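**Student:** next comes the sequence, and after it the predicted model I'd like to discuss.
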Amino acid sequence: MSLLMAQGPRRPSTATSGFPPPLSASPTAVATPPPRPRPAGALLSLFQSPSPPCPSQIRSSASSEASHRHEAMLAAAPVASFPPAVSSSPVNKMTRKFSGSCRAQRVSAGYSQLEVRKVSYRPPGTEQSLLNQTSLSLPEKSFGLIFGRSGSGKTTLLQLLAGLSEPTSGSICIQKYDDSGNPTGLPELLASQRVGIVFQFPERYFLSDTILEEVTFGWPRQKADNLLRGQLALKLQNAMNSVGLSTIPLDEHPQSLSGGFKRRLALAIQLVQTPDLLLLDEPLAGLDWKARADVVNLLKDLKKDHTILVVSHDLRELYPLVDRSWRMEMGGVLKEEPLPV
Ligand SMILES: Nc1ncnc2c1ncn2[C@@H]1O[C@H](COP(=O)(O)OP(=O)(O)OP(=O)(O)O)[C@@H](O)[C@H]1O
């Protein structure tokens, strides 16, 4: 699984004390003129001009801003090699898979669903199984919720789905069906690269000094990888748009965001890889009522294009989004049942 898909392992934080002030007030920022905040939309603007700027143009624009922080930002963003115009980019073709016409095609050609088949899990070196013959199925672009008592095994199941541990027995796969509900072809094992996971309290894993560094963490830095970085920047722009963060200043400290916006940022980092399955562990935990409502609305939007499986105790708030739900009983036994709200 790539570093962008999972939140760890991460490099040690370079921050030394608390949250730095905004760049404009920072002693490291050049006094005159103050650096212009770079909104998230700037990521893509590097690629969207009719004739893409040459690297030296970008570098000279950076130096005119006279901010070494911004130069660092540009070092993180693609600088030397540019994909073709957006309309013909292979990345753009990939991202267009969610357009209306494509979706209509997929519906008429059947559907696919995540299937967890009789999965059991016993951690290596232990005697007790944490999951026992767990099964569930979740059709694409639907929202599933697992609830149950603390310690019953919910997070353990998410970790298996994300490929962070291997089932002791059973399988986790994607099965395609035709319009009549008959399986078409063999099931495919779920590849961990196709899964995004946002752990509980994801903001605790933010280690960078700027939002840009946080969202581009783990990107290749070699010159030879510039094309890949360009593709990642396009995907990141889409991800930031889809979580409503396209206008946030990228040079702010990630911890300066509100609670709800931090969760949005964690989701955007996962969405860069356009995962088939998005796993969220307690997405509302620790947020105030306003941020909770904000995240619920965001999940409602994301549900239109993504398959989402959530572990949560916040049943009442998530109820309107839920298509399928399961109770995890102590001992790792999963039973499909309606939410008790
Ligand atoms: N690697 C491990 N080795 C042994 N026991 C483990 C391991 N990982 C988790 N457990 C135990 O497995 C049980 C299930 O843990 P898990 O975190 O999956 O529960 P949960 O339902 O997500 O709980 P919560 O709602 O509190 O997050 C717990 O008793 C936990 O201590």
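**Tutor:** Perfect, thanks for sending it. Source: prediction; values computed, not measured.
**Student:** quick check: buried residues in the helix or strand that contains residue 299?
**Tutor:** Assigned by DSSP states H and E, residue 299 belongs to helix 289-302. By 16 or more other C-beta atoms under 10 Å, the buried positions in helix 289-302 come out as 291-292, 294-296, 298-299, 302. For the C-beta atoms, the positions are set from N, CA and C on the backbone; glycine is no exception.
**Student:** and for stretch 141-152?
**Tutor:** Residues 141-148, 152 are the ones in stretch 141-152 that count as buried (16+ other C-beta under 10 Å).
**Student:** filtering these by proximity to the ligand, which remain?
**Tutor:** residue 152 (C-beta under 6 Å from any ligand atom).
**Student:** give me the phi and psi for residue 335.
**Tutor:** phi -130, psi 130 (degrees, to the nearest 10).
**Student:** in terms of secondary structure, what does the longest helix along the chain contact?
**Tutor:** The residue-count maximum for a helix in the chain (DSSP state H) belongs to helix 226-242. Judged by 3 or more C-beta pairs under 8 Å, 6 or more residues apart in numbering; DSSP states H and E, helix 226-242 is in contact with helix 42-48, helix 90-95, helix 259-271.
**Student:** worst average pLDDT in these?
**Tutor:** The minimum mean pLDDT among the helices and strands packed on helix 226-242 belongs to helix 90-95 (a mean of 28).
**Student:** tell me the contacts of residue 190?
**Tutor:** Contact analysis of residue 190 by C-beta atoms under 8 Å, 6 or more residues apart in numbering lists 114, 161, 163, 172-174, 276-277.
**Student:** of the residues you listed, which is the nearest to the ligand?
**Tutor:** Nearest to the ligand among the contacts of residue 190: residue 161, at 12.0 Å, using C-beta to the nearest ligand atom.
**Student:** follow-up on the earlier one: quick one: the longest helix of the chain to helix 259-271, angle?
**Tutor:** Following axes from the mean of the first three to the mean of the last three C-alpha atoms, to 10 degrees, one obtains 140 degrees for the angle between helix 226-242 and helix 259-271.
**Student:** show the average pLDDT along helix 226-242.
**Tutor:** 92.
**Student:** now do residue 187 against the ligand, distance only.
**Tutor:** Distance, residue 187 to the ligand, by C-beta to the nearest ligand atom, to the nearest Å: 25 Å.
**Student:** I misspoke; the intended subject was residue 117.
**Tutor:** Taking C-beta to the nearest ligand atom, one finds residue 117 at 19 Å from the ligand.
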